[in-house]
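Chemist: Okay, here's the prediction I keep looking at, along with the sequence it came from:
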Amino acid sequence: MSNTRPSKTAKPKAKAPTKPKGKPRAQPVAELDLGAAAAHAARILVPTAPPAKASVKTMSGLNAAALVLKEAGEPLNVQALIVRILERGLWKTEGRTPAATIYAAMIREIKAKGSSSRFQKIDRGRFAAAG
């Protein structure tokens, strides 16, 4: 059986260099060019024009759903509702499940607002405009 202890004649490992104690020495300050600093600040602080907005303003998904259901005049399932909303360009989304998003939002509004909600749940996955 071999001994795993280091031998007494082995050299100790070198220690890592330590940081000097006390405060670090002050570095000389380079002379500032105030003209260049002011020009740089002016470039940063000058307000820029807001980015150009699309000519058609989209509405929220919930508002779009209320509008489409009101115009339809009949109950729609959520998939058909989403198709109509996206075809008309009323709402833009990059989500993978827009139907689930709108469904959940309509259910939340019905629970929160009760009889004053814009939506009425007719059947599983089918909604109509309330009132």
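Modeler: Done, it's in.
Chemist: Could you use CA atoms for every contact and neighbour count after this?
Modeler: Noted.
Chemist: Could you pick out the longest helix of the protein?
Modeler: Looking across the chain with DSSP state H, the single longest helix is helix 98-113.
Chemist: going on from that one, what's the next piece of helix or strand?
Modeler: Per DSSP states H and E, the first helix or strand lying C-terminal to helix 98-113 is strand 119-123.
Chemist: Indicate each strand paired with that following strand and its parallel or antiparallel sense.
Modeler: With DSSP bridges as the test, strand 119-123 is paired with strand 126-129 (antiparallel).
Chemist: Count the neighbours of I85 for me.
Modeler: Look at I85: counted by other CA atoms under 10 Å, it has 19 neighbours.
Chemist: Pull the contacting residues for it.
Modeler: A64, A65, V68, W91 (CA atoms under 8 Å, 6 or more residues apart in numbering).
Chemist: The helix or strand hosting it to helix 98-113, inter-axis angle?
Modeler: According to DSSP H and E, I85 maps onto helix 78-88. Here helix 78-88 points in a direction 110 degrees away from that of helix 98-113 (axes from the mean of the first three to the mean of the last three CA atoms, to 10 degrees).
Chemist: With that, I have no additional questions.
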